[in-house]
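Novice: Give the three-dimensional model of this entry:
(2 chains)
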Amino acid sequence: MWFVCLLTALLTVCIDFFLARSISDLYLNTGFLIIVFLMIHGFHNNALFIAVVYGILLDIISPISPFGTFIIVHLLMWLILKHIINIFTNISNKIFILLIFFSSGLYIAVLNIIQYIGINVFTEFSTNFESLFSFDLIFSSAILSAFIVFLFIIIAHFGYYIFSRWFFIK
Amino acid sequence: MRDLLQHKSRVGIILLIILIALYNTTPISGAFSIIKRPIAWAGSFFYSAGKPINNFVFAITKGTDLIKRQEQQEKQIVSLIFELEQIKANNKFYGKNFTELSNLFVSTIIESKVISSQFNAGKHIILINKGTKDGIVAGAPVITEQAIFVGKVIQVDKNSSAILLVTDSSSAIASALSSDMSVQSIVRGKKGISLDMELIPQDADLQTGNIVVTSLLEENTPQGLLIGQIASVKYTEGELFKTATLSPFVSISSLSNVGVIIPIDLKQ
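Specialist: Sure thing, here's the model as predicted:
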């Protein structure tokens, strides 16, 4: 299971950091979505492992940001999710997608703020808040995350329908 | 031991804090470059895979615009051919490859592959697959094979380097007009998409379409590398200097191979 989690973390880094960046400037948060998904289903330790590995890998490959920035962000995110994950359960799909939209936006915003502090305090580089904090980008990225979850829900429903029709109803 | 296992989350967090402290204060970071290489390798595969998807998405979302633009561009081609002849006449680097360019600059040019481009922490950066192991040093200029200035190396690891793009807001490059190298100015990046030319003397004769190149005043950078083309000139009565907006010659999405110029005095 841990090996699967390790591979998942590596795959999500490749998707979020390399694949998504070659397509557009938007942040793609498959790592965050997988962590939320695992926590909703009670796999808290696996989610923590993925969050830490995802953070370490991003810290290793990300230029400029001081090592530790992404580990701290993802640990923090896991800790917050651990306490609020109940609000993601037993709700309608519409509210769930809305929650994903807001939480993704918040995740990117926190990530940017901690990166801003990390870069300006711990490295020789400096960055200004205006160029770092783009509401348009955060808004569009949050919409993208919500859209991915929406697609996932549709595929899951359709898959369940086909599966039950083929295997359980004659 | 049982207590330790019961509190494994806390132990894990303490170990991570120790790792972060050691990474930032001791040479342990060198060991992590071993991990970085396979990730960069896998990442470059994903980055290359994203290009066709990018083209596909672009075709779907902007297909109609593309047809209109094609019609406009066909009309522009004729005038551009004329401009190209002017560029050829002004640009002694035109049509050269990296090997020929390195001979011209009397420097080493390290050819590298772009493995990721990103808007990271407010900076527009590309990552390349060459690092200190290959002789890359911080401050080295980066160009395309057409001698277009891309940016400068700002951070180097063993196997990869980060390049701050010329279009980034924190980038400032000493520049000159290709037609009149005595017209010196500063080119600043603008939100990662365009360029502003500042501190242009009032008496300078600037025209839309003029080519702007790197100046001799730019540290570690050969003179005459292409930066952009003047799109508009702004002059306010009473101000000391003119400003101009430049169109960059190259977009980040089209970058796949770049060359890092290592001047002799920057060599390790």
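
Novice: Name the residues of whichever strand in chain B runs longest that come out as buried.
Specialist: Secondary structure of chain B per DSSP state E: the longest strand is strand B:108-120. Neighbour-count burial for strand B:108-120 flags B:108-120 (criterion: 16 or more other C-beta atoms under 10 Å in any protein chain shown). From N, CA and C alone the C-beta is placed, and that goes for glycine too.

Novice: One more: stretch B:217-232?
Specialist: For stretch B:217-232, by 16+ other C-beta under 10 Å, it's B:E218, B:N220, B:T221, B:P222, B:G224, B:L225, B:L226, B:I227, B:G228, B:Q229, B:I230.

Novice: repeat for stretch B:183-192
Specialist: B:V183, B:Q184, B:S185, B:I186, B:V187, B:R188, B:G189, B:K190, B:G192.

Novice: If we only consider those, which is nearest to chain A?
Specialist: Chain A has its nearest neighbour among those in B:G192, at 8.0 Å by C-beta to the nearest C-beta.

Novice: before we move on, which element is that closest one in?
Specialist: B:G192 belongs to no helix or strand when assigned by DSSP states H and E.

Novice: Can you give me the distance of B:N159 to B:K191?
Specialist: With distances taken as C-beta to C-beta, to the nearest Å, B:N159 is found 30 Å from B:K191.

Novice: same deal with B:S107?
Specialist: 31 Å.

Novice: again with B:A59
Specialist: 25 Å.

Novice: ok, now B:G12?
Specialist: Taking C-beta to C-beta, one finds B:G12 at 40 Å from B:K191.

Novice: which residues touch the most centrally placed residue in chain A?
Specialist: Most central in chain A under C-alpha atoms, centre = their mean is A:F32, positioned 1.6 Å from the mean C-alpha point. Listed by C-beta atoms under 8 Å, 6 or more residues apart in numbering or on different chains, the contact set of A:F32 reads A:M77, A:S103, A:S104, A:Y107, A:S145.

Novice: repeat that for 6 Å
Specialist: By C-beta atoms under 6 Å, 6 or more residues apart in numbering or on different chains, the residues touching A:F32 are A:Y107.

Novice: returning to what we had before: if we look at the longest strand of chain B, which residues are touching it?
Specialist: A:18, A:21, A:25, B:40, B:43-44, B:47, B:98, B:101-102, B:125-130, B:134, B:252, B:255-262.

Novice: Mind checking the pLDDT average for the lengthiest helix in chain A?
Specialist: Assignment by DSSP state H gives helix A:135-167 as the longest helix of chain A. Average pLDDT, helix A:135-167: 85.

Novice: can you tell me which residues contact residue 158?
Specialist: I'll assume chain A. With C-beta under 6 Å, 6+ apart, A:F158 has no contacts at all.

Novice: you looked at the wrong chain, it should be chain B
Specialist: Contacts of B:K158 (C-beta under 6 Å, 6+ apart): B:S33, B:G131, B:T132, B:K133.

Novice: now do 7 Å
Specialist: B:G30, B:S33, B:G131, B:T132, B:K133 (C-beta atoms under 7 Å, 6 or more residues apart in numbering or on different chains).

Novice: if we take those, which one ends up nearest to A:F37?
Specialist: Nearest to A:F37, judged by C-beta to C-beta, of the contacts of B:K158 is B:S33 at 32.1 Å.

Novice: and the closest one, helix, strand or coil?
Specialist: helix (DSSP: H, G, I helix; E, B strand; the rest coil).

Novice: cool, and B:S247?
Specialist: Going by three-state DSSP: B:S247 is strand.

Novice: for the host helix or strand of A:Y116, packing partners?
Specialist: According to DSSP H and E, A:Y116 maps onto helix A:93-122. Applying 3 or more C-beta pairs under 7 Å, 6 or more residues apart in numbering or on different chains; DSSP states H and E, one finds that helix A:93-122 makes contact with helix A:69-84, helix A:129-132, helix A:135-167.

Novice: Recalculate using a threshold of 8 Å.
Specialist: The elements that helix A:93-122 packs onto, with contact taken as 3 or more C-beta pairs under 8 Å, 6 or more residues apart in numbering or on different chains; DSSP states H and E, are helix A:30-40, helix A:69-84, helix A:129-132, helix A:135-167.

Novice: most tightly surrounded among these?
Specialist: helix A:30-40 (a mean of 21; mean count of other C-beta atoms under 10 Å in any protein chain shown).

Novice: between that one and helix A:93-122, how big is the angle?
Specialist: Angle, helix A:30-40 to helix A:93-122, by axes from the mean of the first three to the mean of the last three C-alpha atoms, to 10 degrees: 120 degrees.

Novice: now helix A:30-40 and helix A:69-84, what's the angle there?
Specialist: 30 degrees.

Novice: What lies in contact with stretch A:146-153?
Specialist: If you take C-beta under 8 Å, 6+ apart as the criterion, stretch A:146-153 is touched by A:L28, A:T30, A:L33, A:N93, A:F96, A:I97, A:L98, A:I100, A:F101, A:S104.

Novice: What about these, which one has the most neighbours?
Specialist: A:S104 (25 neighbours; other C-beta atoms under 10 Å in any protein chain shown).
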